[in-house]
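Student: This is the structure alone, sequence omitted:
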């Protein structure tokens, strides 16, 4: 629909779709309202709708994913995170610790991340852990510490939501980007919930999710009206045991072809070892990623979880330098 | 702890554990209360606890999964589903449709399943679908139809829970066995919730979950006090494209060695085609599975989802015959 | 072509194919000669050939694999191994050690295998080992010992060929069934060589070969004129680390649908542990396998390789009993 | 052993090893002779050998792979290909067509490759094809055309050897680098043969080979005395169907840690589509690869095989530019 289409105009499109026996999905995003006709596609023709008032254009989309598909929106989408763009010409590096531990650790982390040149910060207050007997995160208290630390350095915050019932708490602390973790990629009820609000979402790829399933998971969010979606590759599960996951750089150009949404990469969870991170981070940017989620820690040896994979401040700063160089080679800035 | 241990006795064990600087996890199941000491194992010795009042025995468990491990409980556990046993000498076949469609379809399904000799029935009211635009299940209305149909034939019902917020509704319709689907195997918040109630849970294996991750997911449920857990293998994701998943029969003897809990198999989702189901079902029982979840439909061609994989009543009855034969060969009854 | 078609008749079919600009592949098997037209299929019509003298029937085969496809030959093929059938109603269990060690070990193995009711025996004289520094097999000397031992009990022998240059040696010791190992499944030059002789071939599935690649590998053998091919599933490589490979029982019904050739299973290499073998062996027969390759050893602890996975004579005899029972349930004899 | 150690000195080390009941493997490379003691390691001590005449140093190597391990040789090895180095500071891009088609195509390819700045060229005369009915390569005639074309532009040639019996033909046409293809990575007899000659070998990773198996395959070549080995990652097989293989960039830093030998990458076979190649190629160089094998064709649409994945001359030249930039950022030249 045109920017500024009225409810009446929207209703009349919906009614026309229904009159042919199809269902209509109305997705009201901040930028555009997209109406999808779901059902036997042969019954409709784009021309039937182009003339309706308020309609910008109508098209037939072959892919199962509609709103997120490149077919539906030719230009790269840039997601606005409180004034900081993700996507487009700018490459964003999001640093920060695996988990929120203490206020002091978060303050130090925020300082390091800011000094290295980042404008967004990551950190987990609710942690999905394989064992019920290990540290599960500091919860709401962690969100508070994270918000405090980030605000001191004007950083946007990215943190994982595992349970729809915690969404209000996330809004209370004004989480800037909600991360949907790899184990939740097909938690469809959770996807529907974040689809109802208007917050940027980082959607991590499921451990063995195909590109098509991943795009469909994003479509769950988009169908609800939230179009601010960022894909995040974090390594896939294979037969190889020498490293935790296999970072799939091929997905970067492939997603760029299939969707207009930004694609970032988490090199830390992919390899699982800090010494692998620089090579993987450079590969991701060279392959065209719009950003990275990198685990950093003021003092990795003391990290409460995933201590093996965090970069210390010096390593992180040095990495930022080479990433800037690579971004420049392919015509992007960092 | 001894059957009938008092709260005071439990508290004194917990306090002793804490006095050494470790955490204690108290899991109050219907059969037994298990207290786990979490932390540096070298600080404790089983002998410290054997003499405490109310303690049946104490032991050091090396595995990361404690309550579900065979180490902690040598004999096969039999799960009681309203008088019907799962595990032990008896093999249980659980038939029924992929999704609850109409009352008529459910009545007919229940009749077919009962006639074929089953005492439990499966069916989905809430469906995890890859696309947001496909049928998502009949929801609460579906649960009601399912309960109605099953009650006419005295069948226990098995149905999938996708969202913790729906748990009360499941209890309202007295769902006999809660199924945790493959996409929810590591939805830890959901696992914790079903760990708090006292209902049998079928825990399906994640699409690419290792045996160890699967056992840890069960431990999440057990740690909360619900020990009525049934593992369900449903095919794993591999490179092969000729069938939807690869049914992993090797997991059956391996789980039998690692855990005392029952193991069943879903041959329908594994292969994805009805014509593959009999071979896979026979293989599972021959390998030692305690039961099967088999998709059946009064009229597969009309099924609202996964029409390709449901057996019709005649095929199902014929399969039951050969399964009975195979169960007999390995000394079990069906 | 008709059984007994003359060279002239064959040539005239070939010439007709070539006159349309296509290539012809002539595969002269012992049972039938199959002529394939390779190229743009639209140029030819089966009717053009049905009237030619010597032609039994002609058809268009859509699959990329022609001679091995079920389309080309509707009935199950039975492979004759010196009077012993593989395929058809009979299930054949092929026991024997991983590698040929000594004459004494082979004599004892042959006796055990014979006593357990087998008519074929397995054993490796040339061993594909991951490390260059481990035992590589006894070579020709091993073949000799194997032949000696087997002859005492009138057993047919199955052994692996790794190198085309050793084929004459295999023929010298009258190896009854040539095994192409998992690492050689796509050693196309080796496949062409065994396609030129008239010996039964067991073609093991590559570690991560798709069903389609496996059928194409068999087609390489068949295209050369050797139609005596037996597929052998031996476990595929996945992400799971709790066992060596995942036995893919689904491939059994799928291959049975795609090809007329027999399918056997190697449960020993699949699981990699002797205690897993009985469950896997029973699953394979229940799923419809035409036979098994089972590792046995007079004294597994002393085996020179894969000691963990061999059954001792008592375990093997006990397994044979339950396999007989399962075969009976599905209408087959063992 | 010291450079220039005599046969007598070598024999005395071998004899000493044997006197303790262990086996000795003598690997005579062009640069160094390495003697490995195979057997119970506890019987020997490095100090026993350090004093023997001709011994440079002796050490205990824990890894199963010895000669290729970084433990045995701390510095990066540089492989000399007729004066052109592979490994070290220089990044080498090896362009050329999938298969040798005609003299004209090869001449044009050589010109393009040379113009783009390459000093080595790739091309297949013997092609491993999934189907027996597709083009299998031009064979010896192809080698001849390749040699002719390359000589006109002073290019070194890289081509695949599939069968040990063709080795003499490869030497006759003075193939500069022998490629062992992905399907031959564990063709141990072939590895032993190329281990006996003194030619650089590119060892492609098996479709689903672990890092450890790959290193052991290289050790087969090294154990025979040929230490001129180059690893080539070409994508691994996973569950993903949106692209042919998943390029595993993580293997680059991991191999660099485990072995002193160079590592190159084939981005063309990994993705399977020309439009994916630039992103993958850039990622590989950014991750630290020592070079690339890139499929190019004077006119990709006319290529006899893998037409979809070859770059045309303009695309290739443009790619070379950005690779040079990335190499520069990480301190290497191209």
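Tutor: Cool, the structure landed. Keep in mind the model is a prediction, meaning the values are calculated, not measured. Numbers count the residues shown, from 1 in each chain, chains lettered A, B, ... in the order given.

Student: contacting residues for the closest residue to residue A:56 other than its chain neighbours?
Tutor: Nearest non-adjacent residue to residue A:56, counting by Cβ to Cβ, 6 or more residues apart in numbering or on different chains: residue A:2, 4.8 Å away. Heads up, the C-betas are built off the backbone N, CA and C, glycines and all. Under the criterion of Cβ atoms under 8 Å, 6 or more residues apart in numbering or on different chains, the neighbours of residue A:2 are A:54, A:55, A:56.

Student: Looking at the residues you listed, which is nearest chain B?
Tutor: Comparing the contacts of residue A:2 against chain B with Cβ to the nearest Cβ places residue A:55 closest, at 20.3 Å.

Student: I figured that closest one hits residue A:12, correct?
Tutor: No. The pair residue A:55 and residue A:12 fails to qualify as a contact (Cβ atoms under 8 Å) at a distance of 9.4 Å.

Student: May I have the residues that are in contact with the residue of the stretch 201-334 of chain A found nearest chain B?
Tutor: Closest to chain B within the stretch 201-334 of chain A is residue A:208: 3.7 Å, counting by Cβ to the nearest Cβ. For residue A:208, the contact set (Cβ under 8 Å, 6+ apart) comprises A:236, A:237, B:207, B:208, B:237, C:239, D:239.

Student: Now do the phi/psi pair for the second one.
Tutor: Residue A:237 has phi and psi values of phi -90, psi 130 when expressed as degrees, to the nearest 10.

Student: Report how many residues lie close to it.
Tutor: 22 (other Cβ atoms under 10 Å in any protein chain shown).

Student: list the contacts for it?
Tutor: Neighbouring residues of residue A:237 by Cβ under 8 Å, 6+ apart: A:207, A:208, A:245, A:246, B:208, C:239.

Student: Apply 6 Å and report the result again.
Tutor: By Cβ atoms under 6 Å, 6 or more residues apart in numbering or on different chains, the contact list for residue A:237 reads A:207, A:208, B:208, C:239.

Student: quick one: stretch A:123-143 to chain centroid distance?
Tutor: Averaged C-alpha coordinates place stretch A:123-143 at 20 Å from its chain's average position (Cα atoms, centre = their mean, to the nearest Å).

Student: Just confirm yes or no for that stretch near chain B.
Tutor: Yes. Using Cβ under 6 Å from any Cβ of the partner chain, stretch A:123-143 reaches chain B at A:128, A:130, A:131, A:132, A:133.

Student: if I look at the second one, how far off is residue B:217?
Tutor: So the one you mean is residue A:130. 8 Å (Cβ to Cβ, to the nearest Å).

Student: do the stretch of helix or strand residue A:15 belongs to and chain B meet at all?
Tutor: Assessed by DSSP states H and E, residue A:15 sits inside helix A:7-19. No. Helix A:7-19 lies out of reach of chain B by Cβ under 6 Å from any Cβ, never closer than 12.6 Å.

Student: Secondary structure of residue A:143: a helix, I assume?
Tutor: Yes. Residue A:143 forms part of a helix when assessed by DSSP: H, G, I helix; E, B strand; the rest coil.

Student: ok, back up a step: hmm, which of the contacts of residue A:2 are the buried ones?
Tutor: Taking 16 or more other Cβ atoms under 10 Å in any protein chain shown as the criterion, what is buried in these is A:54, A:55.

Student: By proximity to chain C, which residue of the stretch 1-150 of chain A wins?
Tutor: Nearest residue of the stretch 1-150 of chain A to chain C (Cβ to the nearest Cβ) works out as residue A:130 at 14.3 Å.

Student: if we can go back for a sec, could you dump the contacts of residue A:2 to CSV with pLDDT and secondary structure?
Tutor: As requested, the contacts of residue A:2 are exported to CSV (pLDDT from 0 to 100; DSSP: H, G, I helix; E, B strand; the rest coil):
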residue, pLDDT, secondary structure
A:54, 91, coil
A:55, 92, coil
A:56, 89, coil
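
Student: Could you chop chain A up by domain?
Tutor: A:7-60, A:79-329 (automatic domain parsing).

Student: most tightly surrounded among the ones you listed?
Tutor: domain A:79-329 (a mean of 22; mean count of other Cβ atoms under 10 Å in any protein chain shown).

Student: what separates it from the chain centre, distance-wise?
Tutor: 7 Å.

Student: how long is that domain from one end to the other?
Tutor: The first residue of domain A:79-329 is 24 Å away from its last residue (Cα to Cα, to the nearest Å).

Student: Can I take it that the residue nearest to residue A:56 is in a helix?
Tutor: No. Assigned with three-state DSSP, residue A:2 falls outside any helix and is coil.

Student: and it, how far is that from residue A:11?
Tutor: Going from residue A:2 to residue A:11 by Cβ to Cβ gives 15 Å.

Student: swap in residue A:168?
Tutor: Relative to residue A:11, and taking Cβ to Cβ, residue A:168 is found at 30 Å.

Student: do residue A:277 as well
Tutor: Noted for residue A:277: a distance of 51 Å to residue A:11, by Cβ to Cβ.

Student: same question, residue A:238
Tutor: On the measure of Cβ to Cβ, residue A:238 and residue A:11 end up 49 Å apart.

Student: helix or strand right after the helix holding residue A:15?
Tutor: Downstream of helix A:7-19, the next assigned helix or strand under DSSP H and E is strand A:23-28.

Student: list the helices and strands that next one packs on?
Tutor: Here strand A:23-28 touches strand A:33-38, helix A:211-223, going by 3 or more Cβ pairs under 6 Å, 6 or more residues apart in numbering or on different chains; DSSP states H and E.

Student: If we use 8 Å, what do you get?
Tutor: For strand A:23-28, the packing partners by 3 or more Cβ pairs under 8 Å, 6 or more residues apart in numbering or on different chains; DSSP states H and E come out as helix A:7-19, strand A:33-38, helix A:211-223.

Student: Just the angle for the last one relative to strand A:23-28, thanks.
Tutor: Orientation of helix A:211-223 against strand A:23-28 (axes from the mean of the first three to the mean of the last three Cα atoms, to 10 degrees) gives an angle of 70 degrees.

Student: quick revisit: can I get the domains of chain A in CSV including distance to residue B:185?
Tutor: Formatted as CSV, those follow (distance: least, Cβ to Cβ, whole Å):
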stretch, distance to residue B:185
domain A:7-60, 29
domain A:79-329, 8
